[in-house]
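Novice: All I have is the shape, not the residue letters:
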């Protein structure tokens, strides 16, 4: 088992551990002090096997209940947050209760947001079951929901008490979900570590062994933890993690309105290609490196193009919560393994690349 400590440099000085290994769910009591909580509510969705939920309930050893949500990005709305709030009230939860989010990024966002606002905030624990959630959404303390067709428009910054990444939960993950998770892994290499990028693109996602996956997940988690520890609320350094996301979130939101919605990692893959080409057209990234980026994503089995109206994408970009005073600023690449934040790009250039 590997353990990574996240230290948030705020007035609260909040630290929390991220555990990565196999068979960790049954050891939950040895990883987290569950005894200090009055009860626990497990938030999950219909994609999670009931046997996994039951095993967690047994391992907890304290009064617990379960809230089962529908699955999918389209469920990340206020209605499902209200469902969790109501369950917490009906189950008699108090300020010493614990929310445990067992599932992918959507479950983590809904459950985390509900916990961070119920009774002005109660503790929550993240147990991500998808590769994407394990390397990205489960750590960092961003929780929230989509509203008015805009991804993550409403949310809070609230750190979990811990993150437990049990590799065993990936055993039933569909191949498409596994590949989607590698988009964020590749992004971590692109923004912070060229050698890591070369490693994770050296073969297909499904070709890595369990031990190799533990090492890869640990490295991605460490890269993100190092950034978030220094900038919890995205005032500066944390913006590095946004590479591919300004375009990617717009593409993802539009795809959710179609009959063929993209997974988050798939949309971010398209976003990284476009933002890589923005980097190139602005003279930051060489033609060769831009081609290496695109070919790596293709080799990984990720999409790199999608037929969408350019005007609609631009409209979504303008609604992005990261914009300030109507200006669209991107995180772009100066090379593979090195990113730059707050790069202002005009609409003409964005439209040209799109």
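Specialist: The structure has been received and is ready for your questions. Here the structure is a predicted model, which is why all the values come from computation and not from measurement. Residues are numbered from 1 along each chain as shown.
Novice: For the rest of this, base every contact and every neighbour count on C-alpha atoms.
Specialist: Will do.
Novice: where's the residue nearest the centre of the chain relative to residue 313, distance?
Specialist: Nearest to the mean C-alpha position of the chain, by CA atoms, centre = their mean, lies residue 137 at 2.4 Å. As judged by CA to CA, to the nearest Å, residue 137 and residue 313 stand 24 Å apart.
Novice: wait, isn't residue 19 in contact with residue 167?
Specialist: No. Counting by CA atoms under 8 Å, residue 19 does not reach residue 167; the two are 10.4 Å apart.
Novice: which SS class is the nearest residue to residue 67 once chain neighbours are set aside?
Specialist: Ranked by CA to CA, 6 or more residues apart in numbering and with sequence neighbours excluded, the top spatial neighbour of residue 67 is residue 43, at 4.9 Å. In three-state terms, and counting by DSSP: H, G, I helix; E, B strand; the rest coil, residue 43 is strand.
Novice: burial measure for residue 43, as a count.
Specialist: 24 (other CA atoms under 10 Å).
Novice: cool, and residue 172?
Specialist: 12.
Novice: One more: residue 61?
Specialist: Residues near residue 61, counting by other CA under 10 Å: 14.
Novice: Then residue 136?
Specialist: For residue 136, using other CA under 10 Å, the count is 22.
Novice: so how far is residue 201 from the residue lying closest to the residue nearest to the centre of the chain once chain neighbours are set aside?
Specialist: Spatially, and ignoring its direct neighbours in sequence, residue 137 is nearest to residue 105 (5.5 Å; CA to CA, 6+ apart). Between residue 105 and residue 201 the computed distance is 23 Å (CA to CA).
Novice: And those two? Which one has more around it.
Specialist: When neighbours are counted by other CA under 10 Å, residue 105 and residue 201 differ, and residue 105 comes out ahead with 27 against 19.
Novice: show me where pLDDT drops low in the stretch 201-350 of the chain?
Specialist: Applying pLDDT under 70 to the stretch 201-350 of the chain flags residues 321.
Novice: which residues in it form strands?
Specialist: Here the stretch 201-350 of the chain has its strands, by DSSP state E, counting those that start in this stretch, at 329-335, 338-344.
Novice: now the first one, how far from the centre of its chain.
Specialist: For strand 329-335, the gap between its own C-alpha mean and the chain's C-alpha mean amounts to 20 Å (CA atoms, centre = their mean, to the nearest Å).
Novice: And stretch 79-86, by the same measure?
Specialist: 21 Å.
Novice: Just to check, the residue nearest to residue 137 is in contact with residue 128?
Specialist: Yes. Shown here, residue 105 and residue 128 form a contact pair, counting by CA under 8 Å, at 7.2 Å.
Novice: before we move on, the earlier item: tell me which of the strands of the stretch 201-350 of the chain sits nearest to residue 267.
Specialist: Among those, strand 329-335 comes nearest to residue 267, with 16.2 Å by CA to CA.
Novice: tell me the angle that closest one makes with strand 338-344.
Specialist: Interaxial angle of strand 329-335 relative to strand 338-344 (axes from the mean of the first three to the mean of the last three CA atoms, to 10 degrees): 150 degrees.
Novice: Which strand or helix spans residue 159?
Specialist: Under DSSP states H and E, no helix or strand contains residue 159.
Novice: mind pulling up the phi and psi values for the nearest residue to it once chain neighbours are set aside?
Specialist: Nearest non-adjacent residue to residue 159, counting by CA to CA, 6+ apart: residue 141, 4.1 Å away. Here is the backbone geometry of residue 141 (degrees, to the nearest 10): phi 80, psi 10.
Novice: any idea how far residue 141 lies from residue 91?
Specialist: Distance of residue 141 to residue 91, given as CA to CA: 25 Å.
Novice: Which one's more surrounded, these two?
Specialist: residue 141 (18 against 15).
Novice: how about residue 127, phi and psi?
Specialist: phi -130, psi 90.
Novice: If I follow the layout properly, it ends up in contact with residue 163?
Specialist: Yes. Taking contacts as CA under 8 Å, residue 127 lies within contact range of residue 163: 5.9 Å.
Novice: Mutual contacts of the two, please.
Specialist: Residues touching both residue 127 and residue 163 by CA atoms under 8 Å, 6 or more residues apart in numbering: residue 138.
Novice: Mind listing what's buried along the lengthiest helix in the chain?
Specialist: The longest helix of the chain (DSSP state H) is helix 210-230. Within helix 210-230, the residues scored as buried using 16 or more other CA atoms under 10 Å are 210, 213-214, 216-230.
Novice: Same check on stretch 241-261?
Specialist: Neighbour-count burial for stretch 241-261 [16+ other CA under 10 Å]: 241-256, 261.
Novice: I'd like the distance from that stretch to the chain centre, please.
Specialist: 13 Å.
Novice: Could you do stretch 85-102 as well?
Specialist: Per CA atoms, centre = their mean, the centroid offset for stretch 85-102 relative to its chain is 23 Å.
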